[in-house]
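Visitor: curious how this folds, go ahead:
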Amino acid sequence: GGPSEEGTTLEGIQSYVLSLFESDEASKEEVEKAIEDAVDGGDADGANASEEPKRVTIVHDPELLEDLPVMSFGEVQKHNGLKNKDRLLVSYDGIVYDVTEFAASHPGGKDLLLTAAGMDLEHFFSNYTVHSQTEKAAGWLAPLAVGKLTPEDAARARELSTPGAHIAKRGELLRSARRRVILVAATLPAWMTVRSFVRVVGWFVPSLGRLLAWALPVTVPGLTPGSEPLTRKNKKTGNAQDVEFEGTVAVIGGGIAGCGAAWALKKSGYRVTLFEARENLGGNARTFEWDFSEYGVPKEAPAPEEEQMPDSVRSCVSVTAWPAMFYKNYTCLLDNLGIETVHQPLSWFLNSKVPGKEGTLWGADPERYEGSLRNVFARDFSRYDKVVRFSRAVTDTFTLKFMPWRWNDTPSMYDTHTGLGLLNPLTVVPLYSLFKAIGGTDQWWDIIFTPYYTASFLVDELRPFPAVFGPLIEAQIPLLPNDSNTWKGSSSRRGETDCNITTCVTWKDAGNGIREVFRKLTSGVDLRIGTRVRSVEILPDGRKRVHDENDGYVDVDRVVFACPANAVGNMYPAHSKLTETILSTPVYADDHHPHSGHMHAVMHSDGSVIQEDVRDECLKRASNYVEVTRLSDGTLNIENQYNFGVQTPGPGVYDLPLDKKPVMLISHALGEGKSIDPSLVRGTGNHARAHPLYSGWNVMAQLSLRLVQGRDGVYYCSNWTTPGNCHDMSLLSGLVCAHAIGAEYPFPEEREARKDFNRLRDLMGI
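Guide: Residues are numbered from 1 along each chain as shown. Below you'll find the model as predicted:
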């Protein structure tokens, strides 16, 4: 529904891919040919083929180019959307474009285009590869040409439009939004009190409550126009419960949040239309097909689907596993849909090559063997243990876990705000700050903590990570393993020493399993796949008209935005200034590192990227190989290898000997001097706008969002609307929005799952 910010073609990040190859092993032409062949075989969306890789190419009439006036790049820089907002200029391939009017309809949102204003677009097109997937970007820009640069200025424009300049510009825009959201967050308790008062009034005198709610600039659930639950026909009797129409809802975005909302609404009798701009449902849950033709598909693997590449195994390569103990509602959903799961044997291997801090670490093994990083950083591990214990004790106190009515509660990701939890300072104080306060070192944080969890969150900036979440991640993916969350022993297939985390499960049918989830969620829903929403208009009667890019439209009673925050504003131009402040605040991983390897992935079968003396061991039993090195410029590089030879247990791949399966690696941020054999490249992935950071700023935006949820019948769900960034939270945000519209909670008999639902409902304020 919102723009696809994940790429499936390679040309947009070709400079990154080419940097992985050593020039003396293959010519550039050979590399490019290998890449094209790989893309024809599969891509990060799990399709059988993708479009030919290409660079964004804008075709102009030669006579038009001849007539364009010569402009200086200095003039372009002046119109950068900061000091001079009356005009927005960008350049690309030496041509200057005026994007002032287009900014209001940019699919990625106005803020992201403002970030690019005053700069050359080469860097942005390379990192946001969605632009090269179709001709749309080129088509939109072509008629906006207003000038041209000299060859010298065109080269200077490319030289100055760097990732550093991008980050600095984005930072300025975010600082402006943060100043506003601080004011909103500071007044949040007052607004919550006012809302409660109006609801009490509305309970006794409904008409007066509705009048007061109408006059307020914030939403009062159930009383503000559009926030009242829709009624629908009783399907058993055919009679209307309250009114004589069946509620209609448009959901914009086909990830787990949007599909979950659509499923719950359809299940309760609503007519639902779901828009997804990409060609596949799934959001961040991407799949990829690994070629097993040389080895034979394992007998446990599910039968290939109609569109699947023959003799292949499909993996889910972004959402790969989850702890069922914490993902209660997603677990209930899979049970409801009849989707089987199996244990996912996760086992991180961390290899530090940083001078003076060399060593290795198996995350699931507490043993301090010779050469273990647990020896190198013994004091820091001890301090981290104290910080986690302190965070747990403080959070348990504020959430009143010592009270009798909470004694039987199972562990939850959603209870940090319950009781007096909103007063807990650890919801905004970073875990890093606590660790440093008791003498923890930056080296431990940068060499151990960040690399270890980068593999989970796909972000390499974890210093804002709130301390309240520390005990939660430790219980799920521990750095301090114990018998409750890990297993260590001998294995007939992996040797005398084996270890893995015991908390996580995955789909039995791997990538086919996740595809089946989305198919079942959208059964009976009016699906508009590959269709971008252009705008949402509020009609005089209060209904919403959703316009798509094909000049079609649908009129509905309610709208649910289930897409990235930055995409909403341009689709919904009638949103308030308060909404604008909230939508502009969320920070994503690419706001900090748009060009880093953690935004771009290469799927391949070259095991040589793993250090030779540990290669076979890691390929056999490490779900993740993480290597930390010091670069020539003095900074640290965090290289991640995701090993799907281990992370695909359901189809039987995990148990196969190494000579009975291909190497199945996904590489992020290869270290200096490393290369991938171009003939073994299988495809690529791009994670731009996929992962909000864990930060206090995002928590402020998430808590403040309650003030606009439901206003004019418009709701918001997705990973950025929750306190974390995971499949269960995203799903639950969709169920919460569906329930606010009038859908029934789908798992009423599951007591602990319902608790989590009510906790997030309370946290979202709807």
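
Visitor: G147 looks like it's in a strand, true?
Guide: Yes: judged by DSSP: H, G, I helix; E, B strand; the rest coil, G147 forms part of a strand.

Visitor: wait, it sits on M71?
Guide: Yes: at 3.7 Å, G147 counts as touching M71 under the criterion of C-beta atoms under 8 Å. (Each C-beta comes from the backbone N, C-alpha and C, glycine too.)

Visitor: mutual contacts of those two, please.
Guide: V96 (C-beta atoms under 8 Å, 6 or more residues apart in numbering).

Visitor: V59: how many residues sit nearby?
Guide: 8 (other C-beta atoms under 10 Å).

Visitor: that one and A145, how far apart?
Guide: 11 Å (C-beta to C-beta, to the nearest Å).

Visitor: then Q641?
Guide: Counting by C-beta to C-beta - Q641 and A145 are separated by 44 Å.

Visitor: of those two, who's got more company?
Guide: It is Q641, of Q641 and A145, that has more neighbours when counted by other C-beta under 10 Å, with 24 against 18.

Visitor: quick check: mean pLDDT of stretch 394-410?
Guide: For stretch 394-410, the mean per-residue pLDDT is 94.

Visitor: that should have said stretch 214-224, apologies.
Guide: Computed over stretch 214-224, the average pLDDT equals 95.

Visitor: quick check: end-to-end length of stretch 570-590?
Guide: 20 Å (C-alpha to C-alpha, to the nearest Å).

Visitor: buried ones in that stretch?
Guide: For stretch 570-590, a neighbour-count test (16 or more other C-beta atoms under 10 Å) marks 570-572, 575, 578-590 as buried.

Visitor: likewise for stretch 122-137?
Guide: For stretch 122-137, by 16+ other C-beta under 10 Å, it's 122-133, 137.

Visitor: equivalent analysis for stretch 332-342, please.
Guide: In stretch 332-342, counting by 16+ other C-beta under 10 Å, buried: C332, L333, L334, I339, T341, V342.

Visitor: what of stretch 748-757?
Guide: E750, E752, A753, R754, K755, D756, F757.

Visitor: from these, which land in helices?
Guide: The helices, defined by DSSP state H, take in E752, A753, R754, K755, D756, F757 from the buried residues of stretch 748-757.

Visitor: in TSV, list the residues you listed along with distance to Y654.
Guide: Listed next are those as TSV, based on distance: C-beta to C-beta, whole Å:
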residue	distance to Y654
E752	30
A753	29
R754	34
K755	34
D756	30
F757	33
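
Visitor: so which of those is the closest to L735?
Guide: Lowest distance from L735 to these (C-beta to C-beta) belongs to F757, with 6.4 Å.

Visitor: the closest one contacts N329, correct?
Guide: Yes: counting by C-beta under 8 Å, F757 does reach N329; the two are 6.4 Å apart.

Visitor: shared neighbours, the two?
Guide: L732, L735, F747.

Visitor: among those residues, which lie within helices?
Guide: L732, L735.

Visitor: can you put the shared contacts of F757 and N329 in CSV and add distance to E246 and pLDDT?
Guide: Formatted as CSV, these follow (distance: C-beta to C-beta, whole Å; pLDDT from 0 to 100):
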residue, distance to E246, pLDDT
L732, 25, 97
L735, 20, 98
F747, 24, 97
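
Visitor: for stretch 744-757, measure first residue to last.
Guide: End to end - C-alpha to C-alpha - stretch 744-757 spans 12 Å.

Visitor: from here on, count from 15
Guide: New numbering, starting at 15: the last item is stretch 758-771.

Visitor: centre of the chain to that stretch, how far?
Guide: Offset of stretch 758-771 from its chain centre (C-alpha atoms, centre = their mean, to the nearest Å): 25 Å.

Visitor: and for stretch 277-294?
Guide: For stretch 277-294, the distance to the chain centre is 20 Å (C-alpha atoms, centre = their mean).

Visitor: avg pLDDT for that stretch?
Guide: pLDDT averaged over stretch 277-294 gives 95.

Visitor: which parts of that stretch are buried?
Guide: Quick answer for stretch 277-294 (16+ other C-beta under 10 Å): 277-292, 294.

Visitor: out of the residues you listed, which sit inside strands?
Guide: Taking DSSP state E as the definition of strands, the buried residues of stretch 277-294 contribute R285, V286, T287, L288, F289, E290.

Visitor: how about the residues you listed, which pair is most distant?
Guide: Checking those with C-beta to C-beta, the most distant pair is R285 and E290, at 17.5 Å.

Visitor: check the gap between A767 and R773 for me.
Guide: With C-beta to C-beta as the criterion, A767 and R773 are 11 Å apart.

Visitor: swap that for A191, please
Guide: 27 Å.

Visitor: quick one, what contacts the spatially closest residue to V110 that is not a sequence neighbour?
Guide: Spatial nearest neighbour of V110, chain neighbours left out: G161 (3.9 Å); criterion: C-beta to C-beta, 6 or more residues apart in numbering. Residues near G161 by C-beta under 8 Å, 6+ apart: L82, P83, V84, M85, I109, V110.

Visitor: are any of these buried, and if so which?
Guide: By 16+ other C-beta under 10 Å, the contacts of G161 give M85, I109, V110 as buried.

Visitor: quick one: L434 and F412 touch, right?
Guide: Yes: with contact defined as C-beta under 8 Å, L434 and F412 form a contacting pair (4.8 Å).

Visitor: what about those two, which has more around it?
Guide: Each of L434 and F412 has its neighbours counted (other C-beta under 10 Å); F412 has more, 21 against 11.

Visitor: quick check: the more buried one touching G433?
Guide: Yes: F412 lies in contact with G433 (C-beta under 8 Å); the separation is 6.3 Å.

Visitor: can you list the weak-confidence ranges in this protein?
Guide: 15-68, 98, 246-259, 506-509, 608-611 (pLDDT under 70).

Visitor: hmm, try it at 50
Guide: 15-40, 48-57, 60-67, 248-249, 254-257 (pLDDT under 50).

Visitor: all strands for the stretch 365-514 of the chain, in order.
Guide: 373-376, 500-505, 509-515 (DSSP state E, counting those that start in this stretch).
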